[in-house]
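Trainee: Give me the fold of what follows.
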Amino acid sequence: MFFDWTYLWLVMPAVLFAMWASAQVNSTFARYEKQFSIRAISGAQAARMVLDSNGLNHVPIEMVAGKLSDHYDPKANVIRLSEAVYHGTSTAAIGVACHEVGHAIQHATGYTPIKIRTAIVPITNIGSRLAFPLLLMGLLFGAVSEWAFVLAYVGIACFALSTVFQLVTLPTEFNASRRAMESIRSHQILSEEELQGTRRCCLRRR
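Mentor: Next up, the predicted model:
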């Protein structure tokens, strides 16, 4: 038994793209994190405004550790924002916070794609976490046992599946970003000039 390196070369473009996308998210947030809103509304305050206006007064907003660890938890029905977004008054913080509110609104209105996303996210998370460790273990121990290459194949499969699942959730992310921009504009949380930075942060969230 031997390892076919063709599979690795096929998955490498996806790996590089994922790394590039992550870098883009971080650089965009860092850029507009320095652009503070005139009204000085924090991400948490903006999220609360939009939630309440949509009848979601019961949805809490919590602060969590980590950088850009912001997310909406459909099981607990809670929005969790990183410290930089929770307290931040930048256009980036407001954009990210309202994007997560967009997911809460999707959940409340029975938006079908969010149901699909909720079902496959756990699988996606497991696959993305196991992919690289399995791939490395398979390649490292392949010299000792030819069957160890099976781990590498499983790792590649996990990464491929997680990538496919992430593509499936894109409509949900686009919709959440659209809802975020509409809410920010309708509540006049930011000026039209400030919306440019927020729009880019919303788009990069996906």
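
Trainee: Contacts for stretch 125-133 next, please.
Mentor: For stretch 125-133, contacts defined as Cβ atoms under 8 Å, 6 or more residues apart in numbering pick out Val154, Gly155, Ile156, Cys158, Phe159, Leu161, Ser162, Phe165. Placement of C-beta: from N, CA and C, glycine included.

Trainee: Which residue, other than its chain neighbours, is closest to the last one?
Mentor: Leaving aside its chain neighbours, Phe165 sits nearest to Thr124 (4.3 Å; criterion: Cβ to Cβ, 6 or more residues apart in numbering).

Trainee: per-residue pLDDT, that neighbour?
Mentor: In this prediction, Thr124 carries a pLDDT score of 78.

Trainee: how far away is it from Phe159?
Mentor: In this view, Thr124 and Phe159 are 11 Å apart by Cβ to Cβ, to the nearest Å.

Trainee: now Arg178
Mentor: Arg178 is 29 Å from Phe159, by Cβ to Cβ.

Trainee: Please say which of the two ends up with more neighbours.
Mentor: Phe159 (21 against 13; other Cβ atoms under 10 Å).

Trainee: Point me to the helix or strand that includes the more buried one.
Mentor: helix 149-168 (DSSP states H and E).

Trainee: Identify each buried residue in that helix, please.
Mentor: Under the neighbour-count criterion of 16 or more other Cβ atoms under 10 Å, helix 149-168 has 149, 151-163, 165-166 buried.
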